[in-house]
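Enquirer: Sequence first, then the predicted structure:
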Amino acid sequence: MCGIVGYIGENEAKDILLKGLEKLEYRGYDSAGIALSNEKGITVVKEKGRIADLRSAVTESLQGTTGIGHTRWATHGVPNKVNAHPHQSASGRFTLVHNGVIENYHLLQQAFLDNVSIISDTDTEVIAQLIEKFVLEGMTTEAAFSHTLSLLKGSYAIAMLDENDPDTIFVAKNKSPLLLGIGDKFHVVVSDTMAMRHVTDQFVEIYDKEIVLLSKDRMEIKSIDGMQIEREPFTATIDINDMEKGIYPHYMMKEMDEQASVIRKIIRMYENDQGKFTLPSAIRKALNEADRIYIIAAGTSYHAGLIGKQYFEKIAGIPVEVHISSEFGYNMPLLSEKPLFLFISQSGETADSRQVLVKVKDLGYPTISLTNVAGSTLAREAEHTLLLHAGPEIAVASTKAYTAQIAVLSIIAFVSADERGQSIDLNIKNELSVCANAIQTIMDAKEDIEQISRDFFESTRSAFFIGRNMDYYISMEGALKLKEISYIQAEGFAGGELKHGTIALIEEGIPVVALNTQKEISLNIRGNVKEVVARGANPCIVSMEGLEEAGDRFVFPRVHSLLTPLVAIVPLQLMSYYAALHRGCDVDKPRNLAKSVTVE
Ligand code: F6R
């Protein structure tokens, strides 16, 4: 949700900022802008649309060695040029970019800015106007910046330029992600290390409510009460090559294709010298002491959590509740005596999940985050962290992170079982390798799946996905993939549940994708398929080898029954990809979405 970049140094800032924004485009892509500062003052260029549109609007003559930039996912006000960032104060002296949501901006506007005309519909402009007001009343820029921040309720990551102080970028954050980067005679500020890896690999964290004054050779971090803070940089390990699309037409195809190798990598990363899966001792202890695990996640990660529950309960015998993070924080259930919170998040930045983390930490409960991004907010703030090792996921639709989440959850459950002395007849390492091979086989059959996608989704307006037991959870994820990138209305249902209401929607020709991977309920799901076919549905049965029958549309190689979600989702991902492609949708950047949801 919105990406921020800033540069102050000796080189021209424009290209560094634009390149950074291109890398951040996954965070929001409805409008973008940059502001450059030079001896003549500050110039702002903004455009509705993508970074490519901004690039075309930026002229050769625009120059400056200090600048800030922003790519937007609209929260307040429609996506247009006026609402795009950067925003300026009335006189044009203060120019700022903001990621987050200011909940009390209307109140602040009424209380302090009666005489100021606000030209945009954004909460951000109010921040710039407040700073100018306090400066006009006699405060220094730093004092006005700090005072304004103290009035804000909500989340923010901010980078600001002051025309009268061209040697400084003013930076602050609360709840929204923001990092500083260090180079030779320059500094950067950025929402995500990957956007500035082309200029540095040295980054410094900023904590909530801190203020930073950044110049080309100085980085002054101050606490809320004005104390100077020294903080060591860390090295970002992300590989620049992993961030490129290479030979693939879309990131989503690249990321689906990487799933087999990601699972093999996870096996390597989680095994010890004796080839046995292990976890850090503090995590094993936390898992061992818990009487119940609360999995907190959103979207696809929530769907992975539902599979994780099966693993913890069936493999390790630990009861689990899975909660949608945006619900849990404001409607907390009665907790067990010794709860353990497990946060699942690809980005590690999801604000809905983070607000739960903050609350349960305050209550003193143990927390583990399972994320793909080392150094992300959830990774830093949870007591313990485990990584997915999936490499950067750029396409908005999550694919390899989902399969990585399931693979790591199976390993955590397996290690927990061992720790609790549960004996389980499962060679998980071998079985995960079998899954990796099966995924590769499915990816090799992508042309067949493209045809299936044409047959079922080319002209439909809606689709249903059904399954039972774990296949139900895969159905939910399959439906989410289809709707988010192809805009076909799709829902995932428990096979037996359709007839309790939703079957009323089944009409002649409507596609119903049925998952058939679990032997003990295979006949039941086939029964559910008959029910919808009797009402005109067009069934697309996806079966695991050994359970197939004539007429099934896709059969994938047999894997262990507990690990079928890792594999069964892959044909559904591919079907969604081709459905989006054939409908002319932007596969990697679907409308209205952003990769990293950093507002609640
Ligand atoms: C769907 C998708 C989203 C995310 C959700 C949570 O393809 O990617 O549903 O899963 O926004 O994001 P993370 O996992 O980063 O917390």
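Expert: The structure has been received and is ready for your questions.
Enquirer: quick one: buried residues of stretch 487-506?
Expert: 487-488, 490-496, 498, 503, 506 (16 or more other CB atoms under 10 Å). Backbone N, C-alpha and C define where each C-beta goes, glycine included.
Enquirer: and that stretch, how far out from the chain's middle?
Expert: A distance of 27 Å separates the centroid of the chain from that of stretch 487-506, by CA atoms, centre = their mean, to the nearest Å.
Enquirer: give me the residue from this protein nearest the ligand.
Expert: Nearest to the ligand in the chain, going by CB to the nearest ligand atom, is residue 299, at a distance of 1.9 Å.
Enquirer: before we move on, which element is the closest residue to that residue other than its chain neighbours in?
Expert: Nearest non-adjacent residue to residue 299, counting by CB to CB, 6 or more residues apart in numbering: residue 480, 6.9 Å away. Under the criterion DSSP states H and E, the helix or strand holding residue 480 is helix 470-486.
Enquirer: What strands flank the helix or strand just after that helix, and is each parallel or antiparallel?
Expert: Reading on from helix 470-486 to the C-terminus, the next helix or strand found by DSSP H and E is strand 489-494. Sheet neighbours of strand 489-494, with direction, are listed as strand 462-467 (parallel) (DSSP bridges).
Enquirer: pLDDT averaged over the strand it pairs with - what is it?
Expert: In this model, strand 462-467 has an average pLDDT of 98.
Enquirer: again with stretch 65-78
Expert: Here the average pLDDT along stretch 65-78 is 91.
Enquirer: again, but for stretch 230-248
Expert: Taken as a whole, stretch 230-248 has a mean pLDDT of 86.
Enquirer: Quick check: buried residues in it?
Expert: So for stretch 230-248, counting by 16+ other CB under 10 Å, buried means 233, 236, 238, 242-243.
Enquirer: would you list these in CSV and tack on secondary structure and distance to residue 144?
Expert: Listed next are the buried residues of stretch 230-248 as CSV, based on DSSP: H, G, I helix; E, B strand; the rest coil; distance: CB to CB, whole Å:
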residue, secondary structure, distance to residue 144
233, coil, 29
236, coil, 33
238, coil, 36
242, helix, 41
243, helix, 38
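Enquirer: For these, give me TSV that also has distance to residue 126.
Expert: Shown next, in TSV, are the buried residues of stretch 230-248 (distance: CB to CB, whole Å):
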residue	distance to residue 126
233	33
236	33
238	35
242	39
243	35
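Enquirer: Show me which of the residues you listed is closest to residue 177.
Expert: residue 236 (13.5 Å; CB to CB).
Enquirer: Wait, that closest one touches residue 375, no?
Expert: Yes. Taking CB atoms under 8 Å as the definition, residue 236 is a contact partner of residue 375 at 7.0 Å.
Enquirer: any idea of the mean pLDDT in stretch 179-191?
Expert: Here the average pLDDT along stretch 179-191 is 97.
Enquirer: Span of it from start to end?
Expert: Stretch 179-191 has its terminal residues 6 Å apart, counting by CA to CA, to the nearest Å.
Enquirer: buried ones in it?
Expert: Buried, per 16+ other CB under 10 Å, within stretch 179-191: 179-181, 183, 186-191.
Enquirer: re earlier: for the helix holding residue 480, which helices and strands make contact with it?
Expert: On a contact count with 3 or more CB pairs under 8 Å, 6 or more residues apart in numbering; DSSP states H and E, helix 470-486 meets helix 299-311, strand 462-467, strand 489-494, strand 511-516, helix 564-582.
Enquirer: Let me know the angle separating it from helix 299-311.
Expert: 170 degrees (axes from the mean of the first three to the mean of the last three CA atoms, to 10 degrees).
Enquirer: avg pLDDT for helix 470-486?
Expert: Summarised as a single mean, pLDDT over helix 470-486 is 98.
Enquirer: next one: stretch 119-136
Expert: 96.
Enquirer: do the same with stretch 99-114
Expert: Mean predicted lDDT for stretch 99-114 stands at 94.
Enquirer: for it, the distance to its chain's centre please.
Expert: The answer for stretch 99-114 is 28 Å, by CA atoms, centre = their mean.
Enquirer: Dump that stretch to PDB, restricted to CA.
Expert: This file holds the C-alpha atoms of stretch 99-114, laid out as PDB (Å, rounded to 0.1, in the frame of the first residue of the first chain):
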ATOM      1  CA  ASN A  99       2.200   5.900   3.300                       C
ATOM      2  CA  GLY A 100      -0.500   5.100   5.900                       C
ATOM      3  CA  VAL A 101      -3.800   6.400   7.100                       C
ATOM      4  CA  ILE A 102      -4.300   9.400   9.400                       C
ATOM      5  CA  GLU A 103      -7.600   8.700  11.200                       C
ATOM      6  CA  ASN A 104      -8.100  12.200  12.700                       C
ATOM      7  CA  TYR A 105      -7.100  14.300   9.700                       C
ATOM      8  CA  HIS A 106     -10.600  15.900   9.500                       C
ATOM      9  CA  LEU A 107     -10.500  16.900  13.100                       C
ATOM     10  CA  LEU A 108      -7.000  18.400  12.700                       C
ATOM     11  CA  GLN A 109      -8.200  20.200   9.600                       C
ATOM     12  CA  GLN A 110     -11.100  21.700  11.500                       C
ATOM     13  CA  ALA A 111      -9.000  22.500  14.600                       C
ATOM     14  CA  PHE A 112      -6.000  24.100  12.900                       C
ATOM     15  CA  LEU A 113      -6.500  24.700   9.200                       C
ATOM     16  CA  ASP A 114      -9.700  26.800   9.000                       C
END
